[in-house]
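**Student:** Let me see the structure of the following:
(one chain, ligands or ions: 2)
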Amino acid sequence: IYILAIESSCDDTAAAVLKDNVVLSNVVARQHIHEEYGGVVPELASRAHQQNIVPVVDVALKKAGITRDQLSAVAFTQGPGLMGSLLVGTSFAKSLAMALQIPLIAVNHMHAHILAHFIKEEGFAMPEFPFLALTISGGHTQIVKVNSFFDLEIIGETTDDAVGEAFDKSAKILGLPYPGGPLIDQLAKEGNPKRFPFTRPKVDGLDFSFSGLKTQILYFIQKNQAANPNFIEENKADICASIQHIIIEILMEKLKLAVSTTGINQIAIGGGVSANSGIRQTLVDAQSKYGWKTFIPKFEYTTDNAAMIGIVGYHRYLEERFTATDVVAKARIEF
Ligand code: ATP
Ligand code: FE
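**Tutor:** Ligands and ions are numbered 1, 2, ... in the order given. Down below sits the predicted model:
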């Protein structure tokens, strides 16, 4: 089975080709224009998708070494995401499926961040059902109980900002460019995580909150900068390491609670923030420390990509869960 997958939910235009659960090509056209604005500008994102989608799909097919008429189905991101961005991928996928007279498959982007673990890759094991997925990305922070490919329950989520926003907004306070998450990760490697202790928010149950942390960091920086205008410059690595440290503590506190309440100790992380080296290391250490079985995705399947859309497409194809061609893009969507 050959699946062509298209992802255009935010600012990256991506296409991939899968042969069953193996990725033959995985192409991403990044939009750097947003860096100048300190965040994604929806109108610019949509326009860039329109320019990129045809060449990106062509490159994906070429790299996979197949032609359009060999495709079994077209999968695409229906949501969640930016409406103008989603529309480009949705209309392209619909037209292509209709022209080729093959099935169309709508995919939930957050479902894809989780099922990315089922892409067959040497050296990467697949979780067994049921498992817990911690999805941490630019727009979401969720703990999901995954009972099967298509039975997923959100058991905890953020009540305000997502983890990715906590990283990006903290970076902005430090004067770092957008998206700041990867830069904090980089700088944190040289810093002392215990130097500036931030406090954890108190949130009941398995839910998260990150907006208080952002304010805490803002006041902390303002106070110290007032006393010493070079405070950020002189302590950048320690500040980044301390921010990353508290974020990891918040995530781990809830994961431990999720494991004890569900009795499930298989944990898979996913989403853009799962690229973070500190989070990855903490999850690796949790295997010996807590006896968990942890699953960390291959780096290229963490931030937005189309291969993850393709693997959901493949599993939907096997169960003939196809989508009618009058389907519409959805900015918000449930599992
Ligand atoms: P969603 O998946 O919720 O719709 P999105 O698709 O915009 O949101 P992703 O591409 O999944 O988001 O993730 C992007 C986020 O990941 C950004 O906030 C970015 O800063 C963060 N991120 C990427 N790499 C790292 C890293 N190494 N450390 C911390 N954060 C990171
Ligand atoms: Fe994403």
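
**Student:** Skipping its backbone neighbours, what lies nearest the residue in the stretch 51-200 of the chain positioned nearest to ligand 2 in space?
**Tutor:** Going by C-beta to the ion, ligand 2 is nearest to S137 of the stretch 51-200 of the chain, at 4.4 Å. No exception for glycine: its C-beta is placed from N, CA and C like everyone else's. Sequence neighbours aside, G271 is the residue nearest to S137 in space, at 3.2 Å (criterion: C-beta to C-beta, 6 or more residues apart in numbering).

**Student:** Next: V22.
**Tutor:** Distances taken as C-beta to C-beta, 6+ apart put K120 closest to V22, at 5.1 Å, once the chain neighbours are dropped.

**Student:** For that neighbour, which residues are in contact?
**Tutor:** D20, N21, V22, M126 (C-beta atoms under 8 Å, 6 or more residues apart in numbering).

**Student:** What does the pLDDT read for it?
**Tutor:** On the pLDDT scale, K120 is placed at 98.

**Student:** Could you pull up phi and psi at the closest residue in space to S277 that isn't next to it in sequence?
**Tutor:** Among residues not flanking S277 along the chain, D185 sits closest, at 5.6 Å (C-beta to C-beta, 6+ apart). Backbone torsions for D185, taken as degrees, to the nearest 10, come to phi -50, psi -50.

**Student:** got a list of what D185 touches?
**Tutor:** C240, Q244, A275, N276, S277, G278.

**Student:** Name the member of the residues you listed with the most neighbours.
**Tutor:** C240 (27 neighbours; other C-beta atoms under 10 Å).

**Student:** which SSE is that one in?
**Tutor:** helix 231-262 (DSSP states H and E).

**Student:** ditto for I143
**Tutor:** Assigned by DSSP H and E, I143 falls in strand 141-148.

**Student:** counting contacts, what elements does that strand pack onto?
**Tutor:** Applying 3 or more C-beta pairs under 8 Å, 6 or more residues apart in numbering; DSSP states H and E, one finds that strand 141-148 makes contact with helix 109-115, strand 131-136, strand 151-157, helix 231-262.

**Student:** got TSV for these, with distance to ligand 1 and mean pLDDT too?
**Tutor:** As requested, the helices and strands packed on strand 141-148 are exported to TSV (distance: least, C-beta to the nearest ligand atom, whole Å; pLDDT from 0 to 100):
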stretch	distance to ligand 1	mean pLDDT
helix 109-115	5	98
strand 131-136	8	98
strand 151-157	11	98
helix 231-262	8	98
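
**Student:** okay, the residue at minimal distance from the centre of the chain: pLDDT?
**Tutor:** The residue lying closest to the centre of the chain (C-alpha atoms, centre = their mean) is G271, at 2.2 Å. Per-residue pLDDT puts G271 at 97.

**Student:** mind listing what it touches?
**Tutor:** M110, H113, T135, I136, S137, G138, H140, G164, T302.

**Student:** same thing but at 6 Å, please
**Tutor:** H113, T135, I136, S137 (C-beta atoms under 6 Å, 6 or more residues apart in numbering).

**Student:** What residues does the protein have near ligand 2?
**Tutor:** Counting by C-beta under 5 Å from the ion, the residues of the chain close to ligand 2 are S137, D304.

**Student:** pLDDT below threshold where in the chain?
**Tutor:** Along the chain, no part satisfies pLDDT under 70.

**Student:** Point me to the residue of the stretch 201-335 of the chain nearest ligand 1.
**Tutor:** With C-beta to the nearest ligand atom as the measure, G272 is the residue of the stretch 201-335 of the chain nearest to ligand 1, at 1.8 Å.

**Student:** Hmm, that residue is touching S137, no?
**Tutor:** Yes. The pair G272 / S137 is scored as a contact, 4.6 Å apart, by C-beta atoms under 6 Å.

**Student:** hmm, back to that, give me the sheet partners of the strand holding I143 and which way each runs.
**Tutor:** strand 131-136 (antiparallel), strand 151-157 (antiparallel) (DSSP bridges).

**Student:** Just name the most buried of these.
**Tutor:** Greatest average neighbour count among the strands paired with strand 141-148 goes to strand 131-136 (a mean of 25), per mean count of other C-beta atoms under 10 Å.

**Student:** Please state the offset of that strand from the chain centre?
**Tutor:** 11 Å (C-alpha atoms, centre = their mean, to the nearest Å).

**Student:** count of neighbours near the residue of the stretch 51-200 of the chain closest to ligand 2?
**Tutor:** Considering only other C-beta under 10 Å, S137 is surrounded by 25 other residues.

**Student:** Report the beta-bridge partner residues of the closest residue in space to E153 that isn't next to it in sequence.
**Tutor:** Excluding the flanking residues, the one nearest E153 by C-beta to C-beta, 6+ apart is K145, at 4.6 Å. For K145, the beta-bridge partners are L132, E153 (DSSP bridges).
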